[in-house]
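Student: Sharing a model that was predicted from the sequence below.
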Amino acid sequence: MEIKIRQENEKDYKCVFSLIEKAFSTIEYSDHQERFLVERLRKSDAFIPELSIVAEIEDKIVGHILLTKILIQNENQAFNSLALAPVSVLPEFQGKGIGAKLILRSHEIAEQLGYESIVLLGHQDYYPRFGYELCEKYNIKLPFDVPAENCMVIELIKGSLEKVNGEVVYPKAFFE
């Protein structure tokens with residue numbers, strides 16, 4: 001089973017919308033609005049086309065990941081970062097490493113584009129295998145009340161978070 005990873009294009013939007021809906025349909029800790037979030041983010045200043053990535057098997061899109069621009073801000077400084085939200089794989093293709101391939105490829109592209117870190121809200125047992133650590137280790141806070149074990153960050157460049165701390169500022173598309 002060959003998995004092709006490539007940048008999403010406009011022709012993929014309808015298929016990706018459906019894929020995200022199916023991927024999150026049975027997830028307990030979901031508001032089931034992820035597909036609408038992706039649509040809003042694509043229209044926002046936070047969107048980076050190179051970081052909207054799909055996975056294909058035999059020309060069928062089976063997975064998608066989106067990373068968008070955020071800030072980590074304190075009283076004195078603001079630091080550029082990325083938010084990983086969401087990563088989606090069709091239910092019948094989950095558990096086959098597709099999500100992992102999307103995450104790892106998105107990390108490579110983000111680093112090539114000059115980004116140093118990625119923040120996410122996700123499952124505490126899944127993301128640490130990719131190098132994600134708790135946000136609280138770096139005194140980074142999310143702007144909503146969620147369990148600390150689900151708030152994670154990764155340094156794409158070693159040491160890049162040493163002087164970073166503050167609250168994550170998401171684009172307004174996250175809250176519409």
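Tutor: Good, I have the coordinates.
Student: can you pull out the strands in this structure?
Tutor: Under the criterion DSSP state E, the chain contains strands at 4-7, 52-57, 60-73, 78-89, 117-121, 133-134, 140-141, 151-155, 166-169.
Student: among these, which is nearest residue 37?
Tutor: strand 78-89 (7.0 Å; C-beta to C-beta). Heads up, the C-betas are built off the backbone N, CA and C, glycines and all.
Student: how about the closest one: buried residues?
Tutor: 79, 81, 82, 83, 84, 85, 86, 87, 88, 89 (16 or more other C-beta atoms under 10 Å).
Student: by contact count, what packs against it?
Tutor: helix 13-24, helix 34-42, strand 60-73, helix 98-112, strand 117-121, strand 166-169 (3 or more C-beta pairs under 8 Å, 6 or more residues apart in numbering; DSSP states H and E).
Student: Who does it pair with, and is each partner parallel or antiparallel?
Tutor: Counting by DSSP bridges, the strands paired with strand 78-89 are strand 60-73 (antiparallel), strand 117-121 (parallel).
Student: Adding mean neighbour count, distance to residue 5 and mean pLDDT, write the helices and strands packed on strand 78-89 out as TSV.
Tutor: As requested, the helices and strands packed on strand 78-89 are exported to TSV (neighbours: other C-beta atoms under 10 Å; distance: least, C-beta to C-beta, whole Å; pLDDT from 0 to 100):
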stretch	mean neighbour count	distance to residue 5	mean pLDDT
helix 13-24	17	14	96
helix 34-42	19	17	96
strand 60-73	22	9	98
helix 98-112	18	5	98
strand 117-121	23	17	97
strand 166-169	17	27	98
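Student: about what we covered before: residue 14 is nearest to which of the strands of the chain?
Tutor: So among these, strand 60-73 is nearest, using C-beta to C-beta, at 10.1 Å.
Student: Give me the angle between that closest one and helix 34-42.
Tutor: Angle of strand 60-73 versus helix 34-42, following axes from the mean of the first three to the mean of the last three C-alpha atoms, to 10 degrees, is 60 degrees.
Student: Can you dump the C-alpha atoms of strand 60-73 in CSV for me?
Tutor: What follows is strand 60-73, C-alpha atoms only, in CSV (Å, rounded to 0.1, in the frame of the first residue of the first chain):
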residue,chain,number,x,y,z
LYS,A,60,-8.1,8.4,-3.1
ILE,A,61,-7.6,11.0,-0.4
VAL,A,62,-7.5,9.1,2.9
GLY,A,63,-5.9,11.7,5.2
HIS,A,64,-5.4,15.4,5.8
ILE,A,65,-3.4,17.6,8.2
LEU,A,66,-3.5,21.4,8.6
LEU,A,67,-1.0,23.6,10.4
THR,A,68,-1.7,27.3,10.7
LYS,A,69,0.0,30.4,12.0
ILE,A,70,-0.4,31.3,15.7
LEU,A,71,1.4,33.5,18.2
ILE,A,72,2.7,32.7,21.7
GLN,A,73,2.5,36.0,23.5
